[in-house]
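Student: Could you look at this predicted model? Sequence included:
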Amino acid sequence: MLVFKRLAAVAVVIGALIAGGETALAAFGQSVPWQLGLQDSATPIMDEITSFHNFLLYIISLISIFVLILLIIVIMRFNARANPTPSRVTHNTVLEVAWTVIPVVILIVILLQSFPLLFHQLNTPPADITVKATGKQWYWSYAYPDNGKFEFDSLMLQEKDRKADQPRLLAVDNEMVVPVNKIVRVQTIGAEVIHSFAIPSFGIRIDAIPGRLNETWFKANREGVYYGQCSELCGKDHAFMPIAIKVVSEQAFKDWVEAANKRPDWKSAGAVPALPTAVADANQSTAR
């Protein structure tokens with residue numbers, strides 16, 4: 001039994017390291033090589049998702065350890081050499097009730113943790129800003145109906161245009177810009193085929209379906225640049241339509257919107273006005 005106790009202790013330590021090491025090995029706004037766990041959270045919803053994920057990890061680890069111990073006991077005590085005359089007992093009322101009731105209790109505990117999270121994800125609070133994201137083949141278009149109804153396309157940067165501090169296959173020419181600590185409603189729709197709008201650090205993922213307007217929401221609590229990708233197989237360039245959201249101060253966002261509404265040639269130029277240089281540099285530093 002000493003061996004079993006030591007194995008259980010080692011398994012618990014490994015599980016704790018996995019759960020506790022997620023934050024240290026995760027990245028801010030994007031994934032990194034050899035990442036373990038979820039990306040750093042930047043929204044209250046993602047905080048809840050991370051907490052629920054860690055909670056499930058402990059439950060799964062304990063179940064795995066318990067099953068492993070049972071298997072070792074069976075192997076050691078009930079093999080033909082150690083137990084040449086096996087028992088012929090076929091029913092045990094207490095055992096059968098236990099292995100029915102205990103899983104039900106575990107599922108109820110998980111249910112009580114998951115339902116509030118689902119409610120918070122699906123119940124969109126009154127929004128400060130609405131952004132409409134349209135998935136196209138193969139890029140995204142963003143419209144700001146609450147801020148002048150301008151719209152622009154966001155395409156992945158080609159390798160020759162990418163700067164050294166911009167992530168490969170994730171950086172875009174025009175990021176979605178939103179203010180920090182504001183509730184942003186994101187409406188999604190597909191232009192031709194089904195896409196999926198997903199930002200791991202925000203804890204959001206929702207399909208963009210032609211002819212149907214879906215919506216989700218987030219409230220970013222840190223400035224910086226956050227990356228995601230289309231998460232629905234949508235065609236040959238599915239892997240090349242990233243999502244980039246730049247979170248800035250409220251004043252910087254107002255200045256950006258004002259400049260966008262004053263620029264009559266933004267559509268033909270293919271880009272909305274850039275953020276002020278100082279703000280953009282600060283956000284890039286934060287993202288690093």
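Tutor: Yep, it's here. Because the structure is a prediction, the values reported are computed rather than measured.

Student: Just the pLDDT for the residue nearest to Y142 when sequence neighbours are not counted.
Tutor: Computed as C-beta to C-beta, 6 or more residues apart in numbering, the closest residue to Y142 that is not its neighbour in sequence is M176, at 5.0 Å. All C-beta spots, glycine's among them, are computed from the backbone N, C-alpha and C. In this model, M176 is scored at 92, pLDDT.

Student: if I read this right, M176 contacts A244, doesn't it?
Tutor: Yes - with contact defined as C-beta atoms under 8 Å, M176 reaches A244; the gap is 6.9 Å.

Student: shared neighbours of those two, anything?
Tutor: S154 (C-beta atoms under 8 Å, 6 or more residues apart in numbering).

Student: ok, K163 - contacts?
Tutor: Counted by C-beta under 8 Å, 6+ apart, K163 has contacts A171.

Student: measure it to L112 for me?
Tutor: The gap separating K163 from L112 is 47 Å, by C-beta to C-beta, to the nearest Å.

Student: what comes up buried for stretch 188-208?
Tutor: Within stretch 188-208, the residues that qualify as buried are 188-190, 193, 195-204, 206-208, counting by 16 or more other C-beta atoms under 10 Å.

Student: ok, which stretches of this protein are helices?
Tutor: 2-25, 44-77, 93-122, 250-262, 266-269, 277-287 (DSSP state H).

Student: Averaging pLDDT over each of these, report the lowest-scoring one.
Tutor: Taking the mean pLDDT of the helices of the chain, helix 277-287 comes last: a mean of 42.

Student: my read: L155 touches A171, true?
Tutor: No - the criterion here is C-beta under 8 Å, and L155 misses it with A171 at 10.3 Å.

Student: Tally up the residues packed near the closest residue to H238 other than its chain neighbours, please.
Tutor: With sequence-adjacent residues excluded and distances taken as C-beta to C-beta, 6+ apart, H238 is closest to C230, at 6.0 Å. Neighbourhood size, C230 [other C-beta atoms under 10 Å]: 24.

Student: so C230 makes contact with M241?
Tutor: Yes - C230 is in contact with M241 according to C-beta under 8 Å; the separation is 4.8 Å.

Student: Give me the common contacts of those two.
Tutor: Common neighbours of C230 and M241 (C-beta under 8 Å, 6+ apart) are 135, 138, 195.

Student: If I look at the second one, what pLDDT would I see?
Tutor: Listed pLDDT for W138 reads 90.

Student: What is the burial count for the residue lying closest to it once chain neighbours are set aside?
Tutor: In space, and not counting its chain neighbours, W138 is closest to D237: 3.6 Å by C-beta to C-beta, 6+ apart. For D237, the neighbour count with other C-beta under 10 Å is 12.

Student: and D237, what pLDDT?
Tutor: 90.

Student: State the distance from it to A244.
Tutor: 17 Å.

Student: Look up the pLDDT of the residue nearest the centre of the chain for me, please.
Tutor: Central residue of the chain (C-alpha atoms, centre = their mean): P200, 2.5 Å from the mean position. We have a pLDDT of 93 for P200.

Student: dump the residue contacts of it.
Tutor: So P200 contacts 31, 38-39, 46, 228 (C-beta under 8 Å, 6+ apart).

Student: Try it again at 6 Å.
Tutor: Q39 (C-beta atoms under 6 Å, 6 or more residues apart in numbering).

Student: Next: the one 3 residues further on.
Tutor: G203 makes contact with 43, 45-46, 49, according to C-beta under 6 Å, 6+ apart.

Student: Out of these, which two are the most distant from each other?
Tutor: T43 and I49 (9.1 Å; C-beta to C-beta).

Student: buried stuff in stretch 102-117?
Tutor: Going by 16+ other C-beta under 10 Å, stretch 102-117 has no buried residues at all.

Student: Quick check on the residue nearest to H238: phi, psi?
Tutor: As for C230, its main-chain torsions (degrees, to the nearest 10) stand at phi -60, psi 130.

Student: List the residues that contact it.
Tutor: Counting by C-beta under 6 Å, 6+ apart, C230 has contacts 195-196, 241.
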